[in-house]
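Asks: Just need the structure, nothing else, for what follows:
(chains A, B and C)
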Amino acid sequence: MDAVLTNFANGDILAITWRPLLAGLAQTMLLSLLVIPLGAIAGLLIAALFVVSAGLARVLLMVWIDFFRAFPPLVLLIYLYFGAPLLGYEISAYAAIAVSFTLNTSSYFAEIFRAGIEGVPRGQWHAARATGMSWLQSFFVIVLPQGTRAVLPDLLSNIITITQLTALASVVSVPELLHTAQLAQATSYNVTPIIAAAVIYLALLWPLVRLMSHLDARRYSTKLSAAATQRRRRQETADE
Amino acid sequence: MGRFVDQFINPVIWARYWDEMLGAIGLTVQLTLLVLLTGLLLGLVLGLIRVAVPPLFRIPIVIFADVFRAIPPLVILVVNYFALPFAGIRLSGFDCAWLGLCLVLAAFTEEIIYGGLRAVGKGQWEAARSTGLGSVTTLMLIVFPQALRMTVAPLTNRTIAIAKNTALGSVIAVPEILNIAMSALSNSANSTPLTMAALFYIVLFAPLIVFSRWIEHRFPQRG
Amino acid sequence: MPIVYKPEYTMAALLKLDNVSKTFGDREVLHGVSLEVAPKEVVFLVGPSGSGKSTLLRFCNLLEHPSSGAVLFEGADILKQKNVNALRQSVGMVFQSFNLYPHMTALWNVAIALRLVQRKSAREAREIAHHFLAEVGLAHRGSAYPAELSGGQQQRVAIARALALKPKLMLFDEPTSALDPELVGSVLDVIRKMRHEGMTMLIVSHEMQFAREAADKVVFLDQGRVVEAGAPAALFGNPQQQRTIEFLSRFSLAGSHG
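Replies: Numbering: from 1, shown residues only, chains lettered A, B, ... in the order given. Take a look at the predicted model:
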């Protein structure tokens, strides 16, 4: 037992590494807060373009989306970070992360938003346009909120994936949580910092994972719609 | 332009590393297939067990699924590679990657399968049981096929996403595509090996992505 | 405040469809249809499904564009008009499937276009919305979401949504087809009230009894052509064309009395 503690949950090591680990956590959150909005906005834009496009433009957008879904983000990141200098362009690790992760995650966001938007009945567009709303107003006020609600579990799942994705930044030496832990491990010859990092990730993402399961269960279940129908029936007999 | 060709699609470099890269592809495919086979199977079994057992026995499965869905896959690989030896378990980088990704895929699969099984209406259970079918028979012959239909699309997407994570093996010295490409890059000071790696990944995964689109179309998740 | 905004009376037609045709791919669904609706007139479009009624209706607010022909609203060709959204506020539309916004309360279903298109203050938009909900008998249901309303109530909210923009013309696309029979009456009552207050309406409907009672003019459309048009008494009581007789016989109305 003592050996386990010494090796995996060493208090002395924790005492000297908790500050850098917290700084690493801050970096992880910073990267997430950078990539999530960038990816979401770019993805929404691609999805909107997809909805209005037709023919060749639509095919090209789909190829773009699938290309970056097929391309492992780590390969993209390394390609950018180590490839650009060979062409004479120095690129910072943060810029390489922002570009490669945005390309990757926006494609997933685009697929999610597209599915949501296309799931909204055409009649919603017609109704909004018939009352004089512009395309943009109809899109943002009527269609998008409904489409987003339908794919909320997928959006949340993507956000979790992106936060996990930021661990790849350790490969290009950004001092986020995993990189900090690996450095601490290398200097202390003890894996406690890495275990601590895993525990911190777990604490950070566990609530979101639970929420995702909860939303998924709600989407699967037909209980809600059944309840709504019942309420409606009651109202009908009361009113008409 | 000449410089770009020289640095990114240099035929000499291409030829020099071709054989080595082909070997790496073989390893990547091998790792991917092992992860898919074991991960999906384990997840499937756990999902079925979770439906079949009383609530108290579900807790370990839920904890397992939550942990391996929450911790980043790369962190899991790093823990396997650096921490397991201290527990007296010595695994190669390949085995660490296999084990880690298998557990991640199993966690997600379990959750998706369980969700699908739960979504099949009580009426189906009652109808089957009322005709004298046993609970295991009902689960396997009546409920599970319906659940599978509902879950095949999200399961396919998740599986492909996790299969792409074999590239993370490069970090723990698994000689897969990216790892070989990176050492070739530092040896040759040329990006061509990375271009080769990128192309190989696209060739490997683009058909899977297209396949997942077909699955989504064929088995819509809702409805 | 009256339920409908009354346009100044003019002799000219408020709406005029002039020789409009529509082709989907290589299939022509409307062949040179002409139609006029005078101010305060209530015109019913009847005919078998697939006859092009709904398409014709959608020309009037440009949800659909005719392949050829002209659509004149207040004497101006709307196909050449730049501001489609201004036109759409003058032409209200009610859909078969209601198309209420499920993520907004009944009140905001009515208020949202007032707020966004007519740029009214939130308070004013709510007040107007409340007024029109009251007019369709739903003053007490403003905070309900569409899923909590019956079909008849939903369709009345949809009517209020269109009326709130003070249109000069109302289009109805089979407003009662999606309703359970016992809920149809409440919607027809609202349309009766609008007629009483002088609203100009173009209605696609299968409610022949209602058409007979409420129409100033009935237009029978079949296979993309106007087969016969006239006052309801004439068209239902003494149809001239064989196809009209056949169609009306399904509703056991033709020649029942004159």
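Asks: Quick one: mean pLDDT for stretch B:214-223?
Replies: Averaging pLDDT along stretch B:214-223 yields 75.
Asks: From the chain's centroid, how far away is that stretch?
Replies: In terms of CA atoms, centre = their mean, to the nearest Å, the centre of stretch B:214-223 is found 20 Å from the chain centre.
Asks: Need the CA coordinates for that stretch. CSV is fine.
Replies: Only the C-alpha atoms of stretch B:214-223 are listed here, as CSV (Å, rounded to 0.1, in the frame of the first residue of the first chain):
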residue,chain,number,x,y,z
TRP,B,214,-24.2,6.2,-45.7
ILE,B,215,-25.0,4.6,-42.3
GLU,B,216,-26.5,7.9,-41.1
HIS,B,217,-28.7,8.0,-44.2
ARG,B,218,-29.7,4.3,-44.0
PHE,B,219,-30.3,4.2,-40.2
PRO,B,220,-31.5,7.6,-39.1
GLN,B,221,-31.0,8.0,-35.4
ARG,B,222,-34.4,9.5,-34.6
GLY,B,223,-37.6,8.1,-35.8
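Asks: do it and chain C meet?
Replies: No: using CB under 8 Å from any CB of the partner chain, stretch B:214-223 stays clear of chain C, with a minimum separation of 15.2 Å. Quick note: C-beta positions are derived from backbone N, CA and C, even for glycine.
Asks: hey, where'd the helices end up in chain B?
Replies: Along chain B, counting by DSSP state H, helices occupy B:2-8, B:11-52, B:55-70, B:73-83, B:93-119, B:122-130, B:135-137, B:144-163, B:177-188, B:192-218.
Asks: And for chain C?
Replies: Counting by DSSP H, residue ranges of the helices within chain C are C:53-59, C:84-90, C:106-116, C:122-135, C:151-163, C:181-196, C:208-214, C:232-237, C:242-249.
Asks: winner for burial among the ones you listed?
Replies: helix C:151-163 (a mean of 26; mean count of other CB atoms under 10 Å in any protein chain shown).
Asks: Out of the helices of chain B, which is closest to C:F247?
Replies: With CB to CB as the measure, helix B:192-218 is the member of those nearest C:F247 (40.1 Å).
Asks: Give me the residues contacting stretch C:115-134.
Replies: Contacting residues not belonging to stretch C:115-134 are listed as A:131-133, A:137, A:141, C:1, C:3, C:85, C:89, C:106-108, C:110-112, C:114, C:139, C:141-142, C:157, C:160-161, C:163-165 [CB atoms under 8 Å, 6 or more residues apart in numbering or on different chains].
Asks: Would you enumerate the residues in contact with B:A106?
Replies: Taking CB under 8 Å, 6+ apart, one finds B:T38, B:G39, B:L40, B:L42, B:G43, B:L46, B:F68 in contact with B:A106.
Asks: ok, the residue lying closest to the last one once chain neighbours are set aside to A:D154 distance?
Replies: The one in question is B:F68. With sequence-adjacent residues excluded and distances taken as CB to CB, 6 or more residues apart in numbering or on different chains, B:F68 is closest to B:A107, at 3.5 Å. Distance of B:A107 to A:D154, computed by CB to CB, to the nearest Å: 18 Å.
Asks: go on, A:T192?
Replies: Spatial separation of A:T192 from A:D154 under the definition CB to CB is 36 Å.
Asks: Equivalent analysis for C:Q153, please.
Replies: Relative to A:D154, C:Q153 is positioned 33 Å away (criterion: CB to CB).
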